[in-house]
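**Student:** Below is the sequence, then the predicted model.
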Amino acid sequence: MSVVGLAIGDYKGIPKEAIYLVYASFLPSLAMGMFYIDISYFLTTVQGLSDVLMGTIIMVMGITAVATSIPLGVAADRYGRKRSLVIGNILASCSIVTFGLTTNYLILLVSAVVGGISQAAFNAAGGALLAEKAGDENRTSAFSLYSFANSAASGLGSFMIPIMLGVESLGLGIKNAHVMLYVSLGLLSLSSTYLMLKMSESKRPPGSKRRGVLSKRSMKMLARYVVPSAIVAFGAGMFVPLMTRWLYLKYGASDAVSGPILGTSSFLIGFASLTTPALARRFGIVKAIVLTQSMSTLFMLATPLSPNYLVASATYIVRAFLMNMSSPLQQSLIMGLVAHDERGAASGISAALWRLPNSLSTRIGAALMGAGMLAEPFYLATVLYIVSITIFWLAFRKMKLQSTT
């Protein structure tokens, strides 16, 4: 059988409702793809906020997500994962629209809090609901397809940014063009709520009388997972949310130029995600994660050493491509390590312990860039990535994991 045939075969058995969830996530990912790529540039260059204030807003969003991830994860398990997904999407859409409509710092902070809650609800419910609908045998394939759709939509969202150039030519100006972009994509994201409402609700398995958030076994497995994840999150926060700002400070590139470049990485990440089931079969989930993350770290270190804008962009794209190949493998791994009725809580905990260090380090990275230290965030992140990969390998290298497609 050909390689293409094997790849297609990995996705034939995914149940209908899991596929439906992939469809429902497309428009929100489109909107959030634009938002996360553009927000650091938009708040500073367009809205006139300082780098520190911009970093603080992003940090507040992250801290809120951390504070609400665990309770919303538990609520998703007990009261319905679809309900949490719908609430998260509505709040995220409203937050994007608000960011586009105001320059008031206090309102922006409130919008950041709303956005953080939406992230927590979406993250806690999305992965758990997908794992439930896909079943154990198709879990890795389902997460790979989900990652492909989200990455492709995110990349497409970034290509919405150059459309502002055409809007500006109509005499609206750069600020009004950005407002139209944020409001339009926020409303598109909101429209996908209809698709989510058509899905069947998850149910808590009968006879589950656990008093705590997680069982002892699941907590032990989750602890092994979140420690290296938190370390790599702290490193990533120093530069990933700030790349449009970094490219502007380093090379003078506007978001209309850097947005599509960074969006290209999302497209490549999406297509790379489709290969992860085969990668897991070839090397095993743990070795595949370590391999892709290690190769990615080398390109991350090389990014600030690039001689010009094109080389830096290409190097960063390769870094993102390799790093995010491991994402569906990691999602499948954590869903396989915990009990079925604890997946929402586990998703909430892992999201919280990823988002907190990521948010705290974003402010650090923004401050470093604002002070003219443009290479240091990448150097610090490289050290943290190496530590994280080492800990992950030591924790899981001997663990026997059930093979899934």
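**Tutor:** Noted; the coordinates are in hand.
**Student:** Surely Asn312 is in contact with Tyr251?
**Tutor:** In this structure residue 312 is Ala, not Asn. Yes - shown here, Ala312 and Tyr251 form a contact pair, counting by C-beta atoms under 8 Å, at 7.2 Å. For every residue, glycine as well, the C-beta is placed using N, CA and C.
**Student:** Of the two, give the one with the bigger neighbour count.
**Tutor:** The neighbour count for Ala312 versus Tyr251, taken as other C-beta atoms under 10 Å, is higher for Ala312 (22 against 15).
**Student:** What helices and strands are in contact with whatever helix or strand the more buried one lives in?
**Tutor:** Ala312 is part of helix 309-325, with elements assigned from DSSP states H and E. Applying 3 or more C-beta pairs under 8 Å, 6 or more residues apart in numbering; DSSP states H and E, one finds that helix 309-325 contacts helix 243-251, helix 255-273, helix 285-302.
**Student:** need the least confident one among the ones you listed, by mean pLDDT.
**Tutor:** Comparing mean pLDDT across the helices and strands packed on helix 309-325, the lowest value falls on helix 255-273: a mean of 73.
**Student:** Report the buried residues of that one.
**Tutor:** 255-270, 272-273 (16 or more other C-beta atoms under 10 Å).
**Student:** With stretch 73-81 instead?
**Tutor:** 73-77, 80-81.
**Student:** So which bits of stretch 312-319 are buried?
**Tutor:** Under the neighbour-count criterion of 16+ other C-beta under 10 Å, stretch 312-319 has 312-319 buried.
**Student:** who touches it?
**Tutor:** Applying C-beta atoms under 8 Å, 6 or more residues apart in numbering, the contact partners of stretch 312-319 are 243, 247, 250-251, 258, 261-262, 264-265, 268, 296, 299-300, 302-304, 306.
**Student:** The same query, at a cut-off of 6 Å, please.
**Tutor:** Under the contact criterion C-beta atoms under 6 Å, 6 or more residues apart in numbering, stretch 312-319 has outside partners 261, 264-265, 296, 299-300, 302-303, 306.
**Student:** Restricting to C-alpha, output that stretch in CSV.
**Tutor:** What follows is stretch 312-319 as a C-alpha-only set of coordinates in CSV (Å, rounded to 0.1, in the frame of the first residue of the first chain):
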residue,chain,number,x,y,z
ALA,A,312,14.4,34.7,10.0
SER,A,313,10.8,34.0,8.8
ALA,A,314,11.8,30.8,7.1
THR,A,315,13.7,29.6,10.2
TYR,A,316,10.8,30.4,12.5
ILE,A,317,8.4,28.6,10.2
VAL,A,318,10.5,25.4,10.3
ARG,A,319,10.6,25.7,14.1
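**Student:** pLDDT of it, averaged?
**Tutor:** On average, the pLDDT along stretch 312-319 is 89.
**Student:** if we can go back for a sec, for the buried residues of stretch 312-319, which one is nearest Gly336?
**Tutor:** Using C-beta to C-beta, Arg319 comes nearest to Gly336 of the buried residues of stretch 312-319, at 27.1 Å.
**Student:** who are the neighbours in contact with the closest residue to that closest one other than its chain neighbours?
**Tutor:** Spatially, and ignoring its direct neighbours in sequence, Arg319 is nearest to Phe299 (3.9 Å; C-beta to C-beta, 6 or more residues apart in numbering). Going by C-beta under 6 Å, 6+ apart, Phe299 touches 315, 318-319.
**Student:** Do me a favour and average the pLDDT over the helix or strand hosting Lys133.
**Tutor:** Element membership of Lys133, judged by DSSP H and E, is helix 105-134. For helix 105-134, the mean pLDDT works out to 88.
**Student:** do the same with stretch 371-384
**Tutor:** Stretch 371-384 comes out at a mean pLDDT of 94.
**Student:** how far out from the middle of the chain is it?
**Tutor:** Its chain's average C-alpha position is 21 Å from that of stretch 371-384, according to C-alpha atoms, centre = their mean, to the nearest Å.
**Student:** swap in stretch 341-357?
**Tutor:** Relative to its chain's centre, stretch 341-357 lies at 13 Å (C-alpha atoms, centre = their mean).
**Student:** what does the average pLDDT come to for that stretch?
**Tutor:** Stretch 341-357 shows a mean pLDDT of 79.
**Student:** Convert that stretch to CSV, retaining C-alpha atoms only.
**Tutor:** Provided in CSV are the C-alpha atoms of stretch 341-357 (Å, rounded to 0.1, in the frame of the first residue of the first chain):
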residue,chain,number,x,y,z
ASP,A,341,-14.8,10.6,33.0
GLU,A,342,-11.8,12.7,34.1
ARG,A,343,-10.7,14.0,30.7
GLY,A,344,-12.3,17.4,31.1
ALA,A,345,-10.7,17.9,34.5
ALA,A,346,-7.3,16.7,33.2
SER,A,347,-7.6,19.0,30.2
GLY,A,348,-8.4,21.9,32.5
ILE,A,349,-5.4,21.1,34.7
SER,A,350,-2.9,20.6,31.9
ALA,A,351,-4.2,23.8,30.2
ALA,A,352,-3.9,25.8,33.4
LEU,A,353,-0.3,24.6,34.1
TRP,A,354,0.6,25.4,30.5
ARG,A,355,-1.1,28.8,30.3
LEU,A,356,0.2,30.2,33.6
PRO,A,357,4.0,30.0,32.9
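**Student:** I am finished for the moment; much appreciated.
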